[in-house]
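A.B. asks: have a look; sequence and predicted model below, questions after that.
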Amino acid sequence: MTVLLDPIAHLGRAVLSALGAMGRVALFLLLALRHLFTPPFYLREILTAMLNIGWLSLPVVGMTAVFTGGALALQIYSGGARFSAEAVVPQIVAIGMVRELGPVMAGLMIAARVTSSIAAEIATMKVTEQIDALVTLSTNPMKYLTAPRLLAGLITVPMLVGIGDILGIAGGYFVSTQSLGFNTAAYIKNTVNFLEPLDVISSLVKGCVFGGIATLMGCYYGMNSGRGAQGVGRATKSSVEAAAVLILAANFLITGVFFSV
């Protein structure tokens, strides 16, 4: 009987552990949101976080978007040629980049670059007792470390997504007009006429949510890291994994909300 019940017990412990982790993250999020709207506000920390998350992430997000748009155009042209549907390249590149690939690729790049950086920085501060020093100086670590980064992610990542969408479409345009023989004016006209305001709105909403997830996971795992170098490394790894999975899950849910039939 014990042999039969052991797998069920392991499954139950895993489910309870997952539910407990979700509850802790939810409470952390609520606490962070409360500190977003209550003084004092550390403007210098907010601006520094916006610089690190937004401006310094622009090159990697931009290059990723350009190459993704170009590759998408090649794939659509190659696949469409089987059904004599090569002319749909401008429309599909536009909708694919704006609705899905632009936000998701930007979110994953932010998770790789920013989430890991935030988690490592805060975890190192915890290990070296700098967070304890903040408490000693009557400074709330949530307000000083988490709130500015969360706010910066909510503001700057939608901007990065918008820029990435434009660069991705530009990458598809360049490949299509230079390599695939598309007419420049017709390509631009088809792109502009096919996109709708809801497509752009959904892309920016995804960017806002993904930015919040990426920064929140970095702060959460950094604040709850273990001691020593091993704890810092584990916190960094776990933060990126959690951010990437949550971004993909959130992408599915938001897509369902905006475009469900």
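C.D. replies: Done, it's in. Numbering: from 1, shown residues only.

A.B. asks: I'd like the next helix or strand past the least confident helix or strand in the chain by mean pLDDT.
C.D. replies: The helix or strand of the chain with the poorest confidence is helix 2-36; it has a mean of 80 (mean pLDDT, DSSP states H and E). With elements assigned by DSSP states H and E, the helix or strand that comes after helix 2-36 is helix 43-53.

A.B. asks: in that following helix, which residues are buried?
C.D. replies: 45-46, 49-50, 52-53 (16 or more other C-beta atoms under 10 Å). In short, each C-beta sits where N, CA and C put it, glycine included.

A.B. asks: mind giving me the packing neighbours of that helix?
C.D. replies: helix 147-178 (3 or more C-beta pairs under 8 Å, 6 or more residues apart in numbering; DSSP states H and E).

A.B. asks: re earlier: and the angle from the least confident helix or strand of the chain to helix 147-178?
C.D. replies: If you take axes from the mean of the first three to the mean of the last three C-alpha atoms, to 10 degrees, helix 2-36 sits at 100 degrees to helix 147-178.

A.B. asks: tell me what helix 2-36 is packed against?
C.D. replies: Using 3+ C-beta pairs under 8 Å, 6+ apart: helix 2-36 touches helix 147-178, helix 197-223.

A.B. asks: which residues touch residue 232?
C.D. replies: Counting by C-beta atoms under 8 Å, 6 or more residues apart in numbering, residue 232 touches 120, 123-124, 127, 225.

A.B. asks: farthest pair in those residues?
C.D. replies: Spatial extent of those (C-beta to C-beta) is set by the pair 120 and 127 at 10.4 Å.

A.B. asks: residue 237: how many residues sit nearby?
C.D. replies: By other C-beta atoms under 10 Å, 13 other residues sit near residue 237.

A.B. asks: ok, it to residue 19 distance?
C.D. replies: Separation of residue 237 from residue 19 (C-beta to C-beta, to the nearest Å): 22 Å.

A.B. asks: which residue is nearest the middle of the protein?
C.D. replies: residue 107 (2.5 Å; C-alpha atoms, centre = their mean).

A.B. asks: show the model's pLDDT score for the residue nearest to residue 209 when sequence neighbours are not counted.
C.D. replies: Closest residue to residue 209 apart from its sequence neighbours, by C-beta to C-beta, 6 or more residues apart in numbering: residue 250 at 5.3 Å. pLDDT for residue 250: 95.

A.B. asks: count the neighbours of the closest residue to residue 220 other than its chain neighbours for me.
C.D. replies: Of all residues not flanking residue 220 in the chain, residue 28 sits nearest, at 5.1 Å (C-beta to C-beta, 6+ apart). Around residue 28 there are 18 other residues, counting by other C-beta under 10 Å.

A.B. asks: make residue 1 into 775 and carry on from there
C.D. replies: That works, and once the first residue is 775, the last one we named lands at residue 802.

A.B. asks: test my guess that residue 802 contacts residue 989.
C.D. replies: No: using C-beta atoms under 8 Å, residue 802 is not in contact with residue 989, being 11.8 Å away.

A.B. asks: which residues touch stretch 828-847?
C.D. replies: 863, 866-867, 870-871, 875-876, 879-880, 883-884, 887-888, 926, 929-931, 933-934, 937-939, 941-950, 954.

A.B. asks: name the element residue 1005 belongs to?
C.D. replies: Per DSSP H and E, residue 1005 falls inside helix 1002-1033.

A.B. asks: flag every buried residue along that helix.
C.D. replies: Under the neighbour-count criterion of 16+ other C-beta under 10 Å, helix 1002-1033 has 1005-1006, 1008-1010, 1012-1014, 1016-1018, 1020-1021, 1024-1025, 1028-1029 buried.

A.B. asks: now do the same contact list for the nearest residue in space to residue 822 that is not next to it in sequence.
C.D. replies: Once flanking residues are discounted, residue 822 sits nearest to residue 922: 7.6 Å by C-beta to C-beta, 6+ apart. Residue 922 makes contacts with 816, 819-820, 822-823, as judged by C-beta under 8 Å, 6+ apart.
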